[in-house]
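Trainee: Sequence plus the predicted model coming up.
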Amino acid sequence: MRIQRAIICCPLLASAIVAFAICRAEAAACHFESQDDGRVAAIVDARSFRLDDGREVKLAGIEVADRVKAAAVLSALLVGREVGLRGGDDAPDRYGRQPAYVFLAGSETTVQSELLRQGLALVSSEIADKDCATALMAAEAEARQARSGTWSGSAVIKNAESPGDILAGIGRFMVVEGRVLSVRQAGSVTYLNFGRNWTRDFAATISGRIVPAFEAAGLAPKSLENRRIRVRGWVEARRGPRIELLRVGQLELLGGN
């Protein structure tokens, strides 16, 4: 009870407790298999860098929102520093880059978290590990609440009721939120419809093989009807704009239902 009263009376203490909880979550997350350490020689772009041994590394788990500022932060943070690389698979992507979660030597938090906390990146839709995704989402939420970086504007999260704005970003990574008006199934695909015109309005889709994972997480598609949710992913044009949900972490329940 004393702790609860102190938090109510002291917002700064509440913020410190939240920050401590986030740090503890980060310390336990994204610690996958080691991919060897290295020294950063140069920044290649807003989310990749080159090591002294020639390897090119891409920051896994994020999509960059402000490329200019993110590249500047990476340069100041990483060049000449020793880093540890962790990940489930060190196979290079099609561009020859090694995806990894990156830790400065002696640090328990990822470089990805720093970019997220400064509002320079968004959490990707490609994180399979729940603990890692939760920690990165907490860092993103911290920036959103503080209106840091790209969150200082109003255009980061798209309104599901404005399909024109979403269609303008076809082929791009987006975060969209709104109220699910209906849930319908067509063949093996479940549609979370945010509008009444399925040929024009925004919808999120879930393949039948993914539905059990959503059900296990307490997010059975039918239960989302008339709920406010936030989804993230790559926007496709299939009549109306669509985001395919491949992982539970792409969907967040919002309040105000």
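Mentor: In hand now; what should we look at?

Trainee: Report the separation between Arg209 and Glu114.
Mentor: As judged by CB to CB, to the nearest Å, Arg209 and Glu114 stand 35 Å apart. C-beta here means a position set from N, CA and C on the backbone, and glycine is covered the same way.

Trainee: scratch that, Asp53 is what I was asking about
Mentor: Distance of Asp53 to Glu114, computed by CB to CB: 24 Å.

Trainee: who's more crowded, those two?
Mentor: Per other CB atoms under 10 Å, whichever of Asp53 and Glu114 has more neighbours is Glu114, with 18 against 9.

Trainee: Now do the contacts for Ser75.
Mentor: By CB atoms under 8 Å, 6 or more residues apart in numbering, the contact set of Ser75 is Ile43.

Trainee: So what does it look like in phi/psi?
Mentor: Backbone geometry at Ser75, expressed as degrees, to the nearest 10, gives phi -60, psi -50.

Trainee: Do a quick rundown of the strands in the stretch 151-257 of the chain.
Mentor: Ranges of strands in the stretch 151-257 of the chain, per DSSP state E, counting those that start in this stretch, are 157-159, 173-179, 182-186, 189-193, 203-207, 228-238, 240-245, 251-253.

Trainee: for Arg247, what are its contacts?
Mentor: Contact partners of Arg247, counting by CB under 8 Å, 6+ apart, are 125-128, 210, 213.

Trainee: Dump these to CSV, plus distance to Val83.
Mentor: Converted to CSV, these look like this (distance: CB to CB, whole Å):
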residue, distance to Val83
Ser125, 25
Glu126, 21
Ile127, 20
Ala128, 22
Ile210, 34
Ala213, 33
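
Trainee: right, and out of those residues, which lies closest to Lys158?
Mentor: Lys158 has its nearest neighbour among those in Ser125, at 14.5 Å by CB to CB.

Trainee: Distance-wise, check the residue nearest to Gln185 when sequence neighbours are not counted relative to Ala237.
Mentor: Closest residue to Gln185 apart from its sequence neighbours, by CB to CB, 6 or more residues apart in numbering: Tyr191 at 7.3 Å. Using CB to CB, Tyr191 is found at 15 Å from Ala237.

Trainee: and what of Val44?
Mentor: Using CB to CB, Val44 is found at 31 Å from Ala237.

Trainee: Of the two, give the one with the bigger neighbour count.
Mentor: Under the neighbour definition other CB under 10 Å, Val44 and Ala237 were set side by side, and Val44 has more, 16 against 11.

Trainee: Can you name the helix or strand that the more buried one falls in?
Mentor: Per DSSP states H and E: Val44 is located in strand 34-45.

Trainee: Buried residues of that strand, list them for me.
Mentor: Judged by neighbour count using 16 or more other CB atoms under 10 Å, the buried positions of strand 34-45 are 35, 38, 40-41, 43-44.
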